[in-house]
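S.K.: Predicted coordinates and the sequence they were generated for:
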Amino acid sequence: MFMCIDDIKKLCPSIIPEQVQQLRSFVDLLRVYNKRLNLISRSDIEHLWTNHIFPSLLSNLLLPFPSGVAALDLGSGGGLPGIPLKIIRPDLKFVLLDSSQKKTAFLRMAVMKLGLSGVEIVNTRISAPKIDKRLLSRFGVVTARAVANFDSLFKWSLPLLETGGYLLAWKGESDLAELQTVVKEKGLEYWERQGAGSYAQDGIRGNLPKKENKRNRLFPEAITLVSSREKGAGLHRPTSILG
């Protein structure tokens, strides 16, 4: 594979051997069950580390999750990014939400086999007219990878976020124009940053490099962080990383 465990260790210096093994076991589960459940694109099955595990872990650098924060993985599917994040941050309290019964069954099985605690699996459709009241204003972070457009993501996510919470969305570069329109309409704020390949070295305090025309093949997505508070609320400005 293009990416090796050493690359993961560079991204997560504090990772321990047990967590490395959990990541490997999770990748094995995705390979086995993807044939039946279509958890990820079949063309991606040989690039799980590069295209799925690494981008999921990268978000832990983008947003320094507070210890023990409640997080919801919206449209979790095969558990991406929720399960890799939970593996390297066992203190996080994760809810993995998906509308597919087959996929939530896989998530329950994966959580059990990986020995993860503090994870709740919810089978529901977040776009339903009535959202489960137990989910409202509950989360410091909502993650969403390959889920709907920005307008829908905001509509579904904001009621779930506590004051000052963040929506962390994995989107393509072509979606950023829509993001700019939506955040302007809603009075929200975000940062746009290119060059995710150096982000692990720059850290969240890193200087924002100038935009480039070419996209880094290793990071074909944008990881976008938007605050649930309005502009001028005194928070650190959220960031969008472009690959």
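M.R.: Now that the structure is in, tell me what you want to look at.

S.K.: For the chain, just list every one of the strands.
M.R.: 70-74, 93-98, 119-123, 139-145, 161-172, 192-194, 221-227, 240-242 (DSSP state E).

S.K.: Tell me the helices and strands packed up against the first one.
M.R.: Using 3 or more C-beta pairs under 8 Å, 6 or more residues apart in numbering; DSSP states H and E as the contact criterion, the elements in contact with strand 70-74 are helix 82-88, strand 93-98, strand 139-145, helix 150-157. Where C-beta positions appear, they are placed from N, C-alpha and C, glycine not excepted.

S.K.: Adding mean pLDDT and distance to Tyr166, write those out as a markdown table.
M.R.: What follows is these, written out as a markdown table (pLDDT from 0 to 100; distance: least, C-beta to C-beta, whole Å):
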| stretch | mean pLDDT | distance to Tyr166 |
| --- | --- | --- |
| helix 82-88 | 97 | 13 |
| strand 93-98 | 97 | 15 |
| strand 139-145 | 91 | 5 |
| helix 150-157 | 85 | 9 |
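
S.K.: Kindly reformat these as CSV containing mean neighbour count and distance to Ile16.
M.R.: Formatted as CSV, these follow (neighbours: other C-beta atoms under 10 Å; distance: least, C-beta to C-beta, whole Å):
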stretch, mean neighbour count, distance to Ile16
helix 82-88, 25, 9
strand 93-98, 24, 19
strand 139-145, 25, 23
helix 150-157, 20, 32
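
S.K.: Nearest to Leu39 among the strands of the chain would be which one?
M.R.: strand 93-98 (10.3 Å; C-beta to C-beta).

S.K.: Pairing partners for the closest one, with directions?
M.R.: The sheet places strand 93-98 alongside strand 70-74 (parallel), strand 119-123 (parallel), with pairing taken from DSSP bridges.

S.K.: Redo the ones you listed as JSON lines? Include mean pLDDT, distance to Leu158 and mean neighbour count.
M.R.: Below are the strands paired with strand 93-98 laid out as JSON lines (pLDDT from 0 to 100; distance: least, C-beta to C-beta, whole Å; neighbours: other C-beta atoms under 10 Å):
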{"stretch": "strand 70-74", "mean pLDDT": "96", "distance to Leu158": "12", "mean neighbour count": "25"}
{"stretch": "strand 119-123", "mean pLDDT": "97", "distance to Leu158": "18", "mean neighbour count": "18"}
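
S.K.: Would you mind measuring from the residue lying closest to Val111 once chain neighbours are set aside to Val141?
M.R.: Leaving aside its sequence neighbours, Val111 sits nearest to Val119 (C-beta to C-beta, 6 or more residues apart in numbering; 4.9 Å). Taking C-beta to C-beta, to the nearest Å as the measure, Val119 and Val141 are separated by 14 Å.

S.K.: before we move on, what about Gln180?
M.R.: Computed as C-beta to C-beta, the Gln180 to Val141 distance reads 22 Å.
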